[in-house]
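> What would the 3D arrangement of this be:
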Amino acid sequence: MLLFIISQLVNGSFENGMTGWSLSTYSGCPIYYTFAEPRQASDVSPSIFPTHGNYFLHISTLGEDIDGYCSTSNVDGNSCLEYDYAVVSQVFSAAQCNQGIVISFDFHYLTAEWSDPYTCYDDLFRLKVNNNDLVKYSNPRVYTSPWLDYHQVDGVGTYVYGSSVPTQYYTYGKAVIGWNTITVNYPTPGTYTIMFENWDHGDEIVENGVLIDRVQVNCLTPVSVPEKPIVNFSKGYIYVNYIPENSSVEIYLPNGQLIHKLHYNAQGNLKVQIYKSGTYIVKVKSENKEWTYKGVVR
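Coordinates of the predicted model:
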């Protein structure tokens, strides 16, 4: 695949603070109940290292109670409201990409919620381009949202320390899956608004956090797509390539426990970091097909 790097998207690894990026929330909601700031490995305990350079972006809904003033419509289509909406965005032009763009970014989901899996506290994350949903996640250990889940280890805390936030640090759960590299196609040329969206779901108190790094945009070049996805298992990672449009990727332990689930609205690829070596099962499910792969991560 031949990709032409374009320069319009700036500061994709957040080495220059928030240059090029803006933080916003719902109209009329206080922006100081959300937060986005580049942080380093030394700001996280236990350490999470950037995937490129010295910084990654920490997006948080913070641990504040805003009394429901900023509740929104039913974003994910269940009966629970969302709160404390934090969105980081950048607008850029890629007029020379006459077949659209391919977006790649590294993503690490952090959250802290109740252990009851059937509450409303099913926090949400979404990537949108030009108001089109491309990738969706929901809270690791809560199952009420129809958005797909990303699972964590209960009872293990991850602390992220901030410099310009109202409190000293924020506590999240420790994810079973670490960094993901998400690549997704957007086959429309022009000017783009890329948005990373983060919500508290069902409560206004317990924070929801996302780490983002190495955001890259290239011109999309059509390639010959195989008849089915290609999955490779290697040291510390699982690679899922040629994910069809409107498909989910699910990763299981041999005992049937689901540890990772992601939905692609557009065609793309996925690289998943696996902390624990062993045998894993990957299922890719499209609207009318399902593919199953089994392999060992060393």
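
> shouldn't residue 94 be in contact with residue 102?
No. Between residue 94 and residue 102 there is no contact under C-beta atoms under 8 Å: 10.6 Å. C-beta coordinates here come from the backbone N, C-alpha and C atoms, glycine included.

> which residues do the two both contact?
By C-beta atoms under 8 Å, 6 or more residues apart in numbering, residue 94 and residue 102 have these common neighbours: 217, 219.

> what stretches of this protein score poorly on pLDDT?
Low-confidence regions of the chain, defined by pLDDT under 70, span residues 1-7, 28, 30, 32-33, 62-79, 81-83, 111-123, 138-157, 164-177, 200-208.

> How is it partitioned into domains?
1-223, 226-298 (automatic domain parsing).

> Tabulate the CA atom coordinates of stretch 232-248 in PDB.
The C-alpha coordinates for stretch 232-248 follow below in PDB (Å, rounded to 0.1, in the frame of the first residue of the first chain):
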ATOM      1  CA  ASN A 232      -1.500 -12.600  13.300                       C
ATOM      2  CA  PHE A 233      -0.400 -13.500  16.900                       C
ATOM      3  CA  SER A 234       3.100 -12.300  18.000                       C
ATOM      4  CA  LYS A 235       5.000 -11.400  21.100                       C
ATOM      5  CA  GLY A 236       2.800  -9.100  23.100                       C
ATOM      6  CA  TYR A 237       0.400  -8.300  20.300                       C
ATOM      7  CA  ILE A 238      -2.500  -9.400  18.200                       C
ATOM      8  CA  TYR A 239      -2.900  -7.900  14.700                       C
ATOM      9  CA  VAL A 240      -6.300  -7.900  13.000                       C
ATOM     10  CA  ASN A 241      -6.100  -6.600   9.400                       C
ATOM     11  CA  TYR A 242      -8.700  -6.000   6.700                       C
ATOM     12  CA  ILE A 243     -11.600  -5.600   9.200                       C
ATOM     13  CA  PRO A 244     -14.800  -5.200   7.000                       C
ATOM     14  CA  GLU A 245     -17.100  -2.200   7.300                       C
ATOM     15  CA  ASN A 246     -19.700  -2.500  10.100                       C
ATOM     16  CA  SER A 247     -17.900  -5.300  11.900                       C
ATOM     17  CA  SER A 248     -16.900  -6.100  15.500                       C
END
